[in-house]
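Chemist: With the input below, show me the fold.
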Amino acid sequence: MKLLKPIAFAAMLLAAALAQADINVGVTVSATGPAASLGIPEKNTIALMPKTIGGQKVNYIVLDDASDTTAAVNNTRKLISENKVDVILGSTTTPNSLAMIDVAAESQTPMISMAASARIIEPMDAKKRWVFKTPQNDIMMSLAIAEHMASSGVKTVGFVGFSDAYGEGWFQEFSKAADLKKIKIVANERYSRTDTSVTGQTLKLMSAKPDAVLVAGSGTPAALPQKSLKERGYTGKVYQTHGVANADFLRVGGKDVEGTLLPAGPVLVAEQLPAGNPVKKSALAYVAAYEAANGKGSVSTFGAHAWDTGLLMAAAVPVALKKAQPGTPEFRAALRDALEQVKELPGAHGVFNMTANDHLGLDQRARVMVKIENGAWKYIPPAN
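Modeler: Purely as a prediction, here's the structure:
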């Protein structure tokens, strides 16, 4: 009996220590390289996330993958094997996020991506059940573009996009949306994120004489085709994806991107939203937090995708803590399950309702149409 008391006491101490275990969050973002204009605001946003959730201390280990797929995979492996993280946030781009899935699934570590392509979470399978994401799916934004094109009398469109998973994903989804609206795609061109000239692609686009051009790029490299079209006198409508919704695109594009039309998350024009918009309050909360730390006008939609990963964690962690303690496989599994059960969570970009088959959980409340006017974003009210 005397021996049992010290053992029982030691067990109590161990249990108490485990109860105080920190939650380790691994983050990989593209803070340098071609996607830096997306990754930097994401990195800045991580610094604004809560330092405690559910009474547990939260540690954020942030690494830069330099917009490189191999680096993103290496970062993920390091965060899991060396830092023993409970969840992975990232990466910034679709190619990087797709490459990370195998590592996350193999270690059974939940991952919340900040990249857009639906292929990150679809089709659902044994690997992707560990993966969630916060940006709107391409098809949701493609439909917004196609609907606006149709209402504006556009019959033909030229497509130019990145020569990677982002561009391919957008072409596939926009093709479906265009077909629904009886819009014909008359040109399909691609370019690299690191290209410095798209003269050949521009000439082919213009020779097809489309009513409008859709540029499927992200960050500052998406300005290149539009500047090239402007230089050669193209006068049709130009649409971009939500991948350009930041101040750096406006700065690099300058007057050449005036009049650009694009779908975006409501946070981009939060102050212009009608009072009854269900996302306005939560979007303004992020804008206030980010601009208080980084200056007036510094907010971007990409940082907001990171913010929403934090909101999802804050909702799921307390639920997971009821089942297991951080630093264990049981906690990672419980956190995955809890993320899947998040319901009616207002974020900066929309209202999240996750299910076993939908690891995004956003609906049409997560998109608005925007125009670049006088070097700023202007909200376009939906047509009645």
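Chemist: Touching stretch 285-301 from outside, list them.
Modeler: 37-38, 41, 44-45, 47-48, 242, 245-247, 264-265, 267-268, 270-271, 303-304, 307, 348-349 (CB atoms under 8 Å, 6 or more residues apart in numbering). Yep, even glycine has a C-beta here, placed from its N, CA and C like the rest.
Chemist: now those residues: which count as buried?
Modeler: 37-38, 41, 44-45, 48, 242, 245-247, 264-265, 267-268, 270, 303-304, 307, 348-349 (16 or more other CB atoms under 10 Å).
Chemist: Show me the helices in this structure, by range?
Modeler: 4-19, 36-46, 69-81, 94-107, 138-151, 165-180, 199-207, 223-231, 247-253, 280-294, 301-321, 329-340 (DSSP state H).
Chemist: how about the ones you listed, which one is nearest V215?
Modeler: helix 223-231 (5.0 Å; CB to CB).
Chemist: just checking, what packs against the closest one?
Modeler: helix 199-207, strand 212-216, strand 237-240, helix 247-253 (3 or more CB pairs under 8 Å, 6 or more residues apart in numbering; DSSP states H and E).
Chemist: Relative to A383, which of the ones you listed is closest?
Modeler: strand 237-240 (15.9 Å).
Chemist: what residues are up against the closest residue to G350 other than its chain neighbours?
Modeler: Closest residue to G350 apart from its sequence neighbours, by CB to CB, 6 or more residues apart in numbering: A366 at 2.8 Å. A366 sits next to Q136, M140, G265, P266, V279, H349, G350, V351 when contact means CB under 8 Å, 6+ apart.
Chemist: Could you report the pLDDT at A366?
Modeler: A366 carries a pLDDT value of 97.
Chemist: looking at the protein, which helix or strand does the model trust least?
Modeler: helix 4-19 (a mean of 53; mean pLDDT, DSSP states H and E).
Chemist: any idea how far A285 is from the closest residue to T69 other than its chain neighbours?
Modeler: The shortest distance from T69 to any non-neighbouring residue, by CB to CB, 6+ apart, is to A99 (4.7 Å). Remark: distance between A99 and A285 (CB to CB, to the nearest Å) = 33 Å.
Chemist: quick one on the thing from earlier: which of the helices and strands packed on helix 223-231 sits closest to A71?
Modeler: Nearest to A71, of the helices and strands packed on helix 223-231 and by CB to CB, is helix 247-253 at 21.3 Å.
Chemist: would you put the C-alpha positions of the closest one in PDB?
Modeler: The C-alpha trace of helix 247-253 is given here as PDB (Å, rounded to 0.1, in the frame of the first residue of the first chain):
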ATOM      1  CA  ALA A 247      -2.800  46.100 -52.600                       C
ATOM      2  CA  ASP A 248       0.300  44.900 -54.300                       C
ATOM      3  CA  PHE A 249      -1.700  44.000 -57.400                       C
ATOM      4  CA  LEU A 250      -3.100  47.500 -57.500                       C
ATOM      5  CA  ARG A 251       0.400  48.900 -57.100                       C
ATOM      6  CA  VAL A 252       2.000  46.800 -59.800                       C
ATOM      7  CA  GLY A 253      -0.900  47.000 -62.200                       C
END
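Chemist: what sits up against that helix?
Modeler: For helix 247-253, the external contacting residues (CB under 8 Å, 6+ apart) are 37, 219-220, 222-223, 226-227, 240, 257, 260, 297-298, 300, 372, 375-376.
Chemist: still on that earlier bit, now the helices of the chain in CSV, with distance to R193?
Modeler: Output for the helices of the chain, formatted as CSV (distance: least, CB to CB, whole Å):
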stretch, distance to R193
helix 4-19, 45
helix 36-46, 11
helix 69-81, 12
helix 94-107, 9
helix 138-151, 17
helix 165-180, 9
helix 199-207, 14
helix 223-231, 10
helix 247-253, 13
helix 280-294, 25
helix 301-321, 15
helix 329-340, 30
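Chemist: And the ones you listed: which comes nearest Y191?
Modeler: Nearest to Y191 among the helices of the chain is helix 199-207; the distance by CB to CB comes to 5.8 Å.
Chemist: The closest residue to G39 other than its chain neighbours: neighbouring residues, count only.
Modeler: Counting by CB to CB, 6+ apart, G39 lies nearest to S30, which is 3.6 Å off, once chain neighbours are set aside. Other residues near S30 number 30, with proximity taken as other CB atoms under 10 Å.
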